[in-house]
Structure formats: structure tokens, C-alpha cells
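**Student:** Here's a sequence, model it:
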Amino acid sequence: MGQKCRLLIAKDGNKVPFLESDGGEIRFGSLYNGSYAAGRWLQYHIAEEIENVVLFGLGDGQILRGLLERIPGSVFVYEPSEALYREMRHTAICKKLQVEKRVRIFSGKQSFTELCVALWELLNENYVDTTAFRIHSGYGICYPGEIERLQGQFTEMIQRINSLRPSVKRFIHSMIRNQLATVANMEGDIPLGRLAKYWNKEVPVIVISAGPSLEKNLQWLKEVNGRAFLFSVDAALPLLLENDIIPDLVACLDANKNMNCFADERSLSIPLLVTTNAPAGLIRNHRAKKIWGSTHAFMNALYTRCGIELPETEVELGVATLILASLIDLGTRKIIFVGQDLAYSKDGKSHISGREEKFIKNKKYETEGYDGGKVFSRADWTMTREWMEKEIHRAKDREFINATEGGAKIKGTRQKTLEEVVGELKVQDISFQEILDDNRVCIRPEEYEKLKKEFLQGKEDLNKVRKEGYEKTFFETDYKKLPVMNLVTDYMASLEEKPRKVRFEKAVDYVYNEYDKEITAWKH
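**Tutor:** Numbering: from 1, shown residues only. The predicted structure is shown next:
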């Protein structure tokens, strides 16, 4: 439709937009009593439990104003017509709405991506169950394609977040305990964001995963001999040590990780790449340096308060993505994958020997194979591969080589045998340990003391939100400024009780008790 807009004065004195098109004019609001019409719409479309709304269409602003009176949370408005928004933004009602902190208005096709980013931030704050997508009166006729697109994005976000809930529910207790135990073990360790400032980008890194194809490349990994750094996932470590291959670094992020991966005494002296979700017992007992990669929002907030550099690339899935995200942040120019099958082998193996998982033949996850033809993947591997392909596409100035020699094809990588890769690599004049021993990359004593102080403040913050209650915490104050609220919202996401206020009260109590246990352990 056309993009010419004019405003008419309704009987109640408010302005109503008309959009002109070849097919005539379409009105977005009542010419009689806009407030009454909006009230009828709200009565029909907004249930009591709704706290936030994604509204397709600004219209005459009456529905938006009514939403602010009815719900406690935020309203994200997508107005597809820039012409309508240009006219309406200067009206009395819209001038008031635009200064409302709970309102964000996105206008025109160019703002669609920005809206989706903002929506992710909202939904990730545990508002999945109480956020609704609604369509302003009249827009369904004019913009069916645009509505379908936005509603599709919204639905995909909801489904993706809900798909993670079983894992959150399963691991949430360990995750919170591990995160609270992190600060006590960080002194002298290395934040990834700071390491990036001093990293040698020219040294190639071989990323070793635990796919079934890894076993064919063990001999060539032995031949690397200082020509590249070896970064291994934890599941591959036992096989590497069994074959006397000592990686430069091992990565771990699973909150409930089976410690059998670290049963070999030698593993305790290999530097670790970890997140704040990594098992507290592993962190306490490890003797080597630890690099803190992509961290939880709780720790990110503490870092920010203490002036410690943050990692940039977010990790969405397993430990292999932690390594790749870290190498992207470090600026490594050549990254080589081995054992990164992300699919079952031809004989149905899921991982290296000793770590088998059931073969599931699902046509939905059939994908292009490394050697051509089709291979069978599964949901988590497919998500990992798609994430990797997205990040590889974004990092256009790097070289990515897939030397797995099996499994699924990873778009954006060049396929070569590890024998070919190793033959082309040159001996490096720097060791990994030299980089870790550089005092400039470590958390300084004064930073650590500040980190502890900020951590201890979390218990006081929990007392504060407990006294203020649910409504004030979420809808009257900027709760996002409190680092500890990230733990509260995480725990809320693992609960099923309704209404949300009940989940909030249970979460505050749980996090407070865990906080108290950790602080008591410090004193002893």
C-alpha cells in the first residue's frame, strides 16, 4: 500500500491516522471515542497474566496508552509505515508515549532487525510466559506479510528459549553454586577480554573435538610439535593423554561435568578455558592457569563494575563453541578443526571410543557430509554447526580449515587432511605458557579485592529486593543494575509455579541461601 498519511480530528479531540493507497484509505483508530474503542480491544486481547506486549501497529496511540495503564511491564511497538509514524510522532498523545521508559517504538523496515535484538533482551530476562504478541486493529488487513514475519520471529524466540528449559531445570542448582564459587578461585587468573589485547594472532590453533573421526588423526597431532597451539574439549582429553598428546589448553563449561575426563593426574596441570558455569570442584583442584572465557551475566556485571574486560562473542551451546568464540575474540587468524564431526559416523558412532551415545536415524537432521552424500546429525549438533557457520561467516578475515575428515560439512571452511595442514605449518617462536605467564593478562590484586567486595554486596542486594517485592523490583526500579538479579531470573526460569510472583519469591530465597553458604565457606 501507499505511504501517504493524513490525520483527522476525532470527536473526542484526538488525531486519527488515515493511510492512502491505490485501493482507498484505511483508518487506524476511532473517529468517535478512541479511548473507549481501545478499552474494548484491551478487554478482549489482554489477559490478566500478561506483563509485556509486542504490539504490531501504533495506530492512533490509544491502544498503546491503554496498555501502559493495564500491564506493569514494557510495550514494544512495530509501526510498519514510516509515513504514519512521521505524522503521529508530533501529536500530543505520542509525545507523551515516547518519553515513557516502558515504551519502545520501532518504525519502518529498517528497524526490524533492531526490534528483534531488543526483543531477545526482553525475552531472555525470563518474560517468556508473560509476553504477548498482539496486532493493532486494522493492520491485519494491510500488512499480512509483515505480521507473519514478526510473529514468526517472536514464535521462534519463544520456542528456542522454551527448548532450553529442560536443561536449565536440570542444571540450574549446579550452575548457581558454581557461579557463586567462582570469585573465590579467580585471583591471578586470566579474563579472556584482557588476554585478547596481548594474544599472538598469527599462531595457528587446532581445535580438537571428540567426534569419532578424531582417532584417525592422533598420529598427525603428535607431529604438530610447536607449529600450532592445541586446544581440546574436555571429552577428548582422556584419549589424547592415553596417546601422550598433551594439549596446550582444555576447555570445560558443563555445570555437572563428569570428572572422569580429568582422572589422569597430568590433566590437572594443563591450562583451562572455562566459564563461570564450570564445576567448582574442578576449578578449586586445578593447578594450572585458568582463562575465564564467555561468562554468565552475573559475572559480566561484576567484571563491568571492576573495570575488567569482557569477552565479546556469546557462547550458545557446547564446549566446542566456547573454544571457537574465544579464538574469534582473541583474533586468531588460522583455526583448524579436527574431530568436529557433528554427525554420526557411517557405522553409527557418536563420539570417540569409550563415549558412545545411541544412534538415532532422523531424516529431519540429515545433512551434507564431509565427503559428500548425506550423514545423520541430531538437534544439538545441528544447532552447534549452524552457530559455527554463522560465526565463521562473520569472521571474514580469518582462515578456517576443517581437517576432521568425516562427519558433517561445515560451510565456510576449507577441507584438507590434517597431514596436509601439519606439513604446511611452520614452527612458532612462542610458547603458550609464555603468554599465560605475562603479568599484564592477569587479574591484578587490587582488582580481585574489588571483585570480592562487589560479590559480597550481592547478599545485601538480595535483602533489598526481598523487602521491595516483585512489582517494585521488576516494574518500578532498574533491577538489571543488580548483578545478583541475573541469578534470580535464571532460577525463576527453572520453576513452573504460577503466577510469576511466586517464582520470584522462591528464587530470591534460594539464591540468598546459596549466597549465605558460599560466604560462610569463605570465612572458614
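
**Student:** residues near residue 459, how many?
**Tutor:** 16 (other Cβ atoms under 10 Å). (Glycine included, C-beta is placed from N, CA and C.)

**Student:** Oops, could you answer that again for residue 360 instead?
**Tutor:** Residues contacting residue 360 under the criterion other Cβ under 10 Å number 13.

**Student:** Residue 183 versus that one, what's the distance?
**Tutor:** 41 Å (Cβ to Cβ, to the nearest Å).

**Student:** cool, and residue 58?
**Tutor:** Per Cβ to Cβ, residue 58 is found 46 Å from residue 183.

**Student:** Comparing those two, which residue is more hemmed in?
**Tutor:** Of the pair residue 58 and residue 183, residue 58 is the one with more neighbours under other Cβ under 10 Å, namely 27 against 20.

**Student:** so where is the stretch 301-450 of the chain shaky, pLDDT-wise?
**Tutor:** Scanning the stretch 301-450 of the chain with the threshold set as pLDDT under 70 gives 316, 354-357.

**Student:** So which residues of it form helices?
**Tutor:** 319-330, 379-394, 418-424, 432-436, 445-475 (DSSP state H, counting those that start in this stretch).

**Student:** Out of those helices, which gets nearest to residue 9?
**Tutor:** helix 445-475 (34.3 Å; Cβ to Cβ).

**Student:** Please name every helix or strand in contact with that closest one.
**Tutor:** Other helices and strands packing on helix 445-475, by 3 or more Cβ pairs under 8 Å, 6 or more residues apart in numbering; DSSP states H and E, are helix 297-306, helix 485-493, helix 500-523.

**Student:** How many neighbouring residues does residue 117 have?
**Tutor:** Residues lying near residue 117 (other Cβ under 10 Å) number 8.

**Student:** what does residue 428 give?
**Tutor:** The burial count for residue 428: 15, using other Cβ under 10 Å.

**Student:** now residue 249
**Tutor:** The burial count for residue 249: 21, using other Cβ under 10 Å.

**Student:** Please apply the same query to residue 59.
**Tutor:** When neighbours are counted by other Cβ under 10 Å, residue 59 registers 27.

**Student:** Contacts only, for the closest residue to it other than its chain neighbours.
**Tutor:** Spatial nearest neighbour of residue 59, excluding adjacent residues (Cβ to Cβ, 6 or more residues apart in numbering): residue 28 at 3.8 Å. Residue 28 makes contact with 16-19, 57-60, 84, 136-139, according to Cβ atoms under 8 Å, 6 or more residues apart in numbering.

**Student:** Restricted to strands, list those residues.
**Tutor:** 16, 17, 18, 19 (DSSP state E).

**Student:** could you redo those as TSV and give each row distance to residue 151, pLDDT and neighbour count?
**Tutor:** Shown next, in TSV, are those (distance: Cβ to Cβ, whole Å; pLDDT from 0 to 100; neighbours: other Cβ atoms under 10 Å):
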residue	distance to residue 151	pLDDT	neighbour count
16	25	94	23
17	22	94	26
18	25	92	18
19	21	88	21
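
**Student:** Relative to residue 488, which of these is nearest.
**Tutor:** Distance to residue 488 across those (Cβ to Cβ) is lowest for residue 17, with 41.7 Å.

**Student:** what's the nearest residue to residue 348 if we skip its chain neighbours?
**Tutor:** In space, residue 348 is closest to residue 359, 3.8 Å off (Cβ to Cβ, 6+ apart).

**Student:** Looks like residue 191 contacts residue 308 (just checking).
**Tutor:** Yes - between residue 191 and residue 308 there is a contact at 5.2 Å, judged by Cβ atoms under 8 Å.

**Student:** who touches both of these two?
**Tutor:** Common neighbours of residue 191 and residue 308 (criterion: Cβ under 8 Å, 6+ apart): residue 443.

**Student:** Which residues does the lowest-mean-pLDDT helix or strand in the chain contact?
**Tutor:** Sorting the helices and strands of the chain by mean pLDDT, DSSP states H and E puts helix 165-182 at the bottom, at a mean of 82. Contacts of helix 165-182 from elsewhere in the structure, counted by Cβ under 8 Å, 6+ apart, are 254-256, 276-280, 283-284, 296, 298-299, 487, 490-491, 493-494, 510-511, 514-515, 518.

**Student:** circling back to that earlier point, from the contacts of residue 28, pick the one nearest residue 130.
**Tutor:** For the contacts of residue 28, the nearest to residue 130 is residue 136 (20.1 Å; Cβ to Cβ).

**Student:** From residue 366, how far off is the closest one?
**Tutor:** Applying Cβ to Cβ to residue 136 and residue 366 gives a distance of 42 Å.

**Student:** try residue 221
**Tutor:** Residue 221 sits 30 Å away from residue 366, going by Cβ to Cβ.

**Student:** So which of those two has more stuff around it?
**Tutor:** More crowded of residue 221 and residue 366, by other Cβ under 10 Å: residue 221, with 22 against 13.

**Student:** what secondary structure does that one sit in?
**Tutor:** Of the three states, residue 221 takes helix under DSSP: H, G, I helix; E, B strand; the rest coil.

**Student:** For it, which non-adjacent residue is closest in space?
**Tutor:** residue 245 (5.2 Å).

**Student:** Correct me if wrong: the one you found contacts residue 222.
**Tutor:** Yes - under the criterion of Cβ under 8 Å, residue 245 is in contact with residue 222, at a separation of 5.9 Å.

**Student:** The two: which is more packed in?
**Tutor:** The neighbour count for residue 245 versus residue 222, taken as other Cβ under 10 Å, is higher for residue 245 (18 against 13).

**Student:** Go ahead and list the helix or strand containing the more buried one.
**Tutor:** Counting by DSSP states H and E, there is no helix or strand that carries residue 245.

**Student:** show me what contacts it?
**Tutor:** 218, 221, 222, 230.

**Student:** so can I have TSV of those showing pLDDT and distance to residue 78?
**Tutor:** Shown next, in TSV, are the contacts of residue 245 (pLDDT from 0 to 100; distance: Cβ to Cβ, whole Å):
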residue	pLDDT	distance to residue 78
218	94	54
221	95	51
222	94	57
230	97	48
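
**Student:** mind putting those in TSV, distance to residue 89 included?
**Tutor:** Shown next, in TSV, are the contacts of residue 245 (distance: Cβ to Cβ, whole Å):
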residue	distance to residue 89
218	65
221	61
222	67
230	57
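
**Student:** From those, pick the one nearest residue 147.
**Tutor:** residue 230 (50.7 Å).

**Student:** Check which helices and strands the helix or strand hosting the closest one is in contact with.
**Tutor:** In the assignment (DSSP H and E), residue 230 maps to strand 229-233. Judged by 3+ Cβ pairs under 8 Å, 6+ apart, the packing partners of strand 229-233 are strand 205-208, strand 249-252, helix 319-330.

**Student:** Each with direction, which strands does that strand pair with?
**Tutor:** Next to strand 229-233 in the sheet, as set by DSSP bridges, lie strand 205-208 (parallel), strand 249-252 (parallel).

**Student:** what about it, distance to the chain center?
**Tutor:** Put simply, strand 229-233 sits 23 Å off its chain's centre (Cα atoms, centre = their mean, to the nearest Å).

**Student:** and stretch 238-251, how far out from the chain's middle?
**Tutor:** The answer for stretch 238-251 is 29 Å, by Cα atoms, centre = their mean.

**Student:** Give me the average confidence score over it.
**Tutor:** Averaging pLDDT along stretch 238-251 yields 95.

**Student:** Could I get the buried residue list for it?
**Tutor:** 238, 239, 240, 241, 245, 247, 248, 249, 250, 251 (16 or more other Cβ atoms under 10 Å).
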